[in-house]
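**Student:** Sequence and predicted structure below; questions after.
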Amino acid sequence: MTGHYAAALKKLAPRLSLASSDVQLKPCPLCGIREVHLIRVSDFFGEGDAFYVSCTTCEPRQFPGNRDDSVRDWNQRQIIDLWEVLNASR
Ligand SMILES: [Zn+2]
């Protein structure tokens with residue numbers, strides 16, 4: 001785990017909470033586990049609540065966004081890696 005990654009995660013962690021999805025979430029595309037959750041990020045970069053789907057085994061991989069878009073992207077396996085984006089911008 002890189003320093004940037006740890007710092008970003010620590011900064012984000014207090015603002016994470018479980019959210020519910022009306023749509024059934026597909027298993028994780030990376031590890032195949034079925035235990036996946038929709039996570040709410042409150043006040044994501046000052047732009048209100050954002051959502052991402054994460055499995056309970058992998059690190060959070062999806063870039064937070066609109067709830068419906070996040071669920072759709074997850075189920076369509078179109079995942080943009082949050083941590084790659086955060087680390088690339090440093
Ligand atoms: Zn996974």
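**Tutor:** Thanks, I have the structure now. Numbers count the residues shown, from 1 in each chain.

**Student:** Over to the most centrally placed residue in the chain. Which of the three states is it?
**Tutor:** The residue lying closest to the centre of the chain (Cα atoms, centre = their mean) is residue 52, at 3.5 Å. Three-state call for residue 52 (DSSP: H, G, I helix; E, B strand; the rest coil): strand.

**Student:** ok now do it, which residues does it touch?
**Tutor:** 38-39, 41, 60, 62-65, 70, 82 (Cβ atoms under 8 Å, 6 or more residues apart in numbering). (C-beta placed from N, C-alpha, C; glycine too.)

**Student:** How about residue 18?
**Tutor:** 37-40.

**Student:** shouldn't residue 58 be in contact with residue 30?
**Tutor:** Yes. Using Cβ atoms under 8 Å, residue 58 makes contact with residue 30 at a distance of 5.2 Å.

**Student:** Quickly note the distance from residue 28 to residue 12.
**Tutor:** 20 Å (Cβ to Cβ, to the nearest Å).

**Student:** How about residue 67?
**Tutor:** 17 Å.

**Student:** same deal with residue 55?
**Tutor:** Relative to residue 12, and taking Cβ to Cβ, residue 55 is found at 17 Å.

**Student:** do the same with residue 71
**Tutor:** 20 Å.
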